[in-house]
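In: Pasting a predicted model and its sequence here:
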Amino acid sequence: MRKKVLTAVFAFACFILLMGLTQAAPDWNISPVPKGIPSIGDGNWEKVLKLALDSFYSKSKEGYHFYSQVNDRKKAVLVMGLLYSGNLWEGVPEDLCCSPRTSLENCPNPKLKKAVFETIHTAKYRQIAYPWASAYFNKAFLALPKEEQLVWREIVDYAVDLLRHYDYKKELAYYQRLKATPSDSCGLIPDRDSEGRCTETWKFIDYKPDGTYHHYRKLDAFIFRRIHNNELSLADMQLLARMLSADLKKIPVKAD
């Protein structure tokens, strides 16, 4: 009986905590997207930006506060705040993705995916879209608590340095080695060989080629996929990371 009571109390406490951390994101007051970038339908760029901003804001808070260890918190902020914003679109208009909850990578309709990467890759589109979108992400950054602001600065600095020295051939050889090695563990998204055995590819998102764990390794894997899938070039991502870094340095972190 006492165990059941404690379980119920714990569940209720978690519910209260979750309600506090998932409070509604600020009203972004998004202006219409400037003309001149690839069209994805009237009003859809604004909807996609709002979804990304809401995820960046709310998932960063969830990721930071659900973990007690510093490195776990940092990893959670990256995975939940950045990669949910960039990969997972909840509520994307159905004419762009057929499922209300689908990853950008696996979107059944490639129109959105193509437009996003084309806009980042093409200078004339990027020069129009980046100032429009970054102004709102700067606003979202300002709304975060100081602790998360500092983590995001660290993440962007990590990205700039990583991309400066990124070795795609080394990462590809590492991935292929993992894919050729059977594993007793399957990870969250099992990758199986021709005999149906799980492979060690699950290590790719947490461990570097030399076998060391890093809390921001998920970003390495994200960059690898963009290059490997011919979606963005290394130069595209180097430029974007430098732009983000320059923007963040202009924004003062909240005082203690």
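Out: On my side now, so go ahead. Keep in mind the model is a prediction, meaning the values are calculated, not measured.
In: For this protein, which segments are assigned as strands?
Out: Along the chain, counting by DSSP state E, strands occupy 88-90, 101-103.
In: so where is the stretch 1-150 of the chain shaky, pLDDT-wise?
Out: By pLDDT under 70, the weakly predicted segments of the stretch 1-150 of the chain are 1-24, 42-43, 61-70, 82-110.
In: what about 50?
Out: Applying pLDDT under 50 to the stretch 1-150 of the chain flags residues 2-22, 88-91, 97-102, 104, 108-109.
In: Mind jotting down where the helices sit in it?
Out: 2-21, 44-65, 70-76, 84-87, 110-121, 123-143, 146-164 (DSSP state H, counting those that start in this stretch).
In: Could you figure out how far the longest one is turned away from helix 123-143?
Out: The reference is to helix 44-65. Between the axes of helix 44-65 and helix 123-143, defined by axes from the mean of the first three to the mean of the last three Cα atoms, to 10 degrees, the angle is 40 degrees.
In: In terms of secondary structure, what does helix 44-65 contact?
Out: Packing partners of helix 44-65 (3 or more Cβ pairs under 8 Å, 6 or more residues apart in numbering; DSSP states H and E): helix 2-21, helix 70-76, helix 84-87, strand 88-90, helix 123-143, helix 146-164. Any C-beta I mention is one placed from the backbone N, CA and C, and that applies to glycine too.
In: again, 6 Å this time
Out: helix 2-21, helix 84-87, helix 123-143 (3 or more Cβ pairs under 6 Å, 6 or more residues apart in numbering; DSSP states H and E).
In: mind checking the end-to-end distance for stretch 34-41?
Out: Terminal residues of stretch 34-41 lie 13 Å apart, using Cα to Cα, to the nearest Å.
In: in it, what's buried?
Out: For stretch 34-41, burial by neighbour count (16 or more other Cβ atoms under 10 Å) applies to 37-38, 40.
In: Tabulate those (JSON lines), appending distance to residue 180.
Out: Listed next are the buried residues of stretch 34-41 as JSON lines, based on distance: Cβ to Cβ, whole Å:
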{"residue": "37", "distance to residue 180": "41"}
{"residue": "38", "distance to residue 180": "39"}
{"residue": "40", "distance to residue 180": "39"}
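In: Just give the nearest non-adjacent residue to residue 153, would you?
Out: Closest residue to residue 153 apart from its sequence neighbours, by Cβ to Cβ, 6 or more residues apart in numbering: residue 248 at 5.7 Å.
In: Report pLDDT for that neighbour.
Out: Note on residue 248: pLDDT of 91.
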